[in-house]
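sequence-free structure coming up:
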């Protein structure tokens, strides 16, 4: 660790200085034709970094002019179908102790930037931030801040990953980064097609690298190439179990779990339900305490109208917790859906008291969603308690004024009371 600390201290001698004696922090971005995005990503951060470097990969709009106007040092890079090459070129332009990387469709609040700065030390540390994909709401951890050191660099032609010495501590800094680049369906498909071409051509994919098989399968699935996606996801899920023996060689458990979940979904869409269930069973057998796996198995069983089996898995998922920031499983969103399915399963079996409890649980996950209140109102109506039903329907309508079922039930109540 001492030689790493010495490296940072030497870097500090030439890095932009801070009056408070804390490590300096720079921002780096790689961009192309991002004139529409820069005012929302880079603009609000101007003046809050010791250095800003923007590497342009071939813009033909006002991107470079705007970035320079924001005070960034703009450097041209000849695009070579390799995101890591561009990011590593950007690193070479940096002189600060630490580097934060953002894309032009990312935003960071000044409050969260403060959280990042509060955690920087002159001993090397890597900071994770939560990327929030909008408007979908998916959340996943990413390594966003790292020491400006020769042993920290990106690897992979696409979906690049930060490589750094294993002894460097990695911690969540509590910051959130909004990512809106996939909010437009047409733009998302264009990016997906571009990424797919790079993934298929990558030597890592040809070599059977787990991460590249997973990313290729996931991209194919998003683009609705289901048969092709099944091939890659199946390899990602099962090849490592056959060929990798040491613990250090095993794939990321979060991404491996997600590969099996995606594999099950693809097989379901291909009407191969037995094999779809097998994928989820394999996941739950390998990781019985993994909440998202139990949640997805529960949903599969609910969709198959096997409600007693579904209840067991859904209840287990809620007890274990439904989040996994390693691939973006939001504990609130998945917990809400799981509780709703548990309630519906209870209703199908006539367990109305237990169903009502599950609906209450669902409303705890997402108090602003009208569905649990409507469902609980229906339970009260079935028992003849119109007063409690009306209170719940009023809540539902206040949350969603156009909710048809809530409005219909509320109107029926008013007619009956007249």
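Cool, got the structure. Just so it is clear, the model here is predicted, and its values are computed rather than measured.

And the helices in the stretch 301-418 of the chain, which stretches?
Shown for the stretch 301-418 of the chain, the helices assigned by DSSP state H, counting those that start in this stretch span residues 307-320, 331-348, 352-365, 371-382, 386-399, 404-417.

can you pull the buried residues of the third one?
The one in question is helix 352-365. Within helix 352-365, the residues scored as buried using 16 or more other CB atoms under 10 Å are 354, 355, 356, 357, 358, 359, 361, 362, 363, 365. For glycine as for every other residue, the C-beta is placed from the backbone atoms N, C-alpha and C.

do the same with the first one
Neighbour-count burial for helix 307-320 flags 307, 310, 311, 313, 314, 315, 316, 317, 318, 320 (criterion: 16+ other CB under 10 Å).

circling back to that earlier point, any idea which of the helices of the stretch 301-418 of the chain scores lowest on pLDDT?
Considering those one by one, the lowest average pLDDT is found for helix 404-417, at a mean of 86.

What residues of it count as buried?
By neighbour count, and taking 16+ other CB under 10 Å as the criterion, the buried residues in helix 404-417 are 405, 406, 407, 409, 410, 413.

quick one: contacts for the fourth one?
This points to residue 409. Counting by CB atoms under 8 Å, 6 or more residues apart in numbering, residue 409 makes contact with 374, 377, 378, 381, 389, 393.

Now with 7 Å, please.
With contacts defined as CB atoms under 7 Å, 6 or more residues apart in numbering, residue 409 is in contact with 377, 381, 393.

before we move on, what about the fifth one?
Residues touching residue 410, when contacts are defined by CB under 7 Å, 6+ apart, comprise 393, 397.

again with the second one
Contact analysis of residue 406 by CB under 7 Å, 6+ apart lists 370, 374, 393, 396, 397, 400.

nearest to residue 265, of the residues you listed?
residue 370 (26.8 Å; CB to CB).

what pLDDT does the closest one get?
pLDDT for residue 370: 96.

close enough to count as contact, it and residue 398?
No: with contact defined as CB atoms under 7 Å, residue 370 does not count as touching residue 398 (8.6 Å).

the more surrounded of the two?
More crowded of residue 370 and residue 398, by other CB atoms under 10 Å: residue 370, with 21 against 11.

what's the more buried one in contact with, if anything?
With contact set as CB under 7 Å, 6+ apart, residue 370 has these partners: 396, 399, 400, 403, 406.

among the contacts of residue 406, which two are most distant?
Among the contacts of residue 406, the pair separated by the greatest distance (CB to CB) is 393 and 400, at 11.0 Å.

ok, what's across the strand from the residue nearest to residue 330 when sequence neighbours are not counted?
Beyond its immediate neighbours in the sequence, the residue positioned closest to residue 330 (CB to CB, 6 or more residues apart in numbering) is residue 139, lying 5.0 Å away. Beta-bridge pairing of residue 139, defined through DSSP bridges, involves residue 132.
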